[in-house]
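Novice: Next come a sequence and a model predicted from it.
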Amino acid sequence: MKKILIVEDDLAISMGLEVVLKEENYDVMTVNDGKLAYEIAMKEPFNLIILDVMLPNKTGFEICKDLRKNKILIPILFLSSKNEELDKIVGFETGGDDYMTKPFSLIELKLRIKAILRRADSTNNEISADSYKLGNYELILDKYDLYLDNKPIGLSVKEFNLIKLLMER
């Protein structure tokens, strides 16, 4: 079950989102304070953060910027009444993955959430110049080694090349 953190200081919006997303079978946590939301996001794993911009004690932009500084790459969807182009630009430049303005369509929000989670799932298969990662597996290209949970698995050259080909695809 995908876990979503909703950071929203408007109680009606927060409760409404919680109900709607639970109906979609998401595990949902809500927070109404920016500083507390940042502390929670630093400690607990989430698949997505839905983040208001104007929050008490720490803005959504500050939360996003600080999470990215600390290498927390949880996807962030800004949901804000700040609808100027500059606000959206700041949202993306601080590390946000998407930006929706209030009032919003619940159908569009659900579709954007699904799209963000789908992209996040596909990027769990990381590719770099010297290795491929797929789930708990890592293929080190220059050493011709495959690791599962950081433990080496012996491979023949044919096995290595076959796994490399599959991971590339």
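Specialist: Received, thanks. Numbers count the residues shown, from 1 in each chain.
Novice: As a check, name the ranges of all helices in the chain.
Specialist: 11-23, 34-43, 60-69, 85-93, 106-122, 157-168 (DSSP state H).
Novice: how about TSV for those, with distance to residue 131 added?
Specialist: No exception for glycine: its C-beta is placed from N, CA and C like everyone else's. Below are the helices of the chain laid out as TSV (distance: least, C-beta to C-beta, whole Å):
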stretch	distance to residue 131
helix 11-23	35
helix 34-43	27
helix 60-69	23
helix 85-93	29
helix 106-122	18
helix 157-168	10
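Novice: okay, those helices, which one's buried deepest?
Specialist: Mean neighbour count, computed with mean count of other C-beta atoms under 10 Å, is highest for helix 60-69 among the helices of the chain, reaching a mean of 20.
Novice: residues making contact with it?
Specialist: Contacts to helix 60-69, defined as C-beta atoms under 8 Å, 6 or more residues apart in numbering, come from residues 7, 34, 37-38, 41-42, 51-55, 74, 76, 78, 80, 90-91, 94-96.
Novice: Name the spans of the chain whose pLDDT lies under the cut-off.
Specialist: Scanning the chain with the threshold set as pLDDT under 70 gives 122-129, 142-143.
Novice: and with 50 instead?
Specialist: Counting by pLDDT under 50, the chain shows low-confidence ranges at 125-128.
Novice: Could you say which one of the helices of the chain comes nearest to residue 146?
Specialist: helix 157-168 (6.1 Å; C-beta to C-beta).
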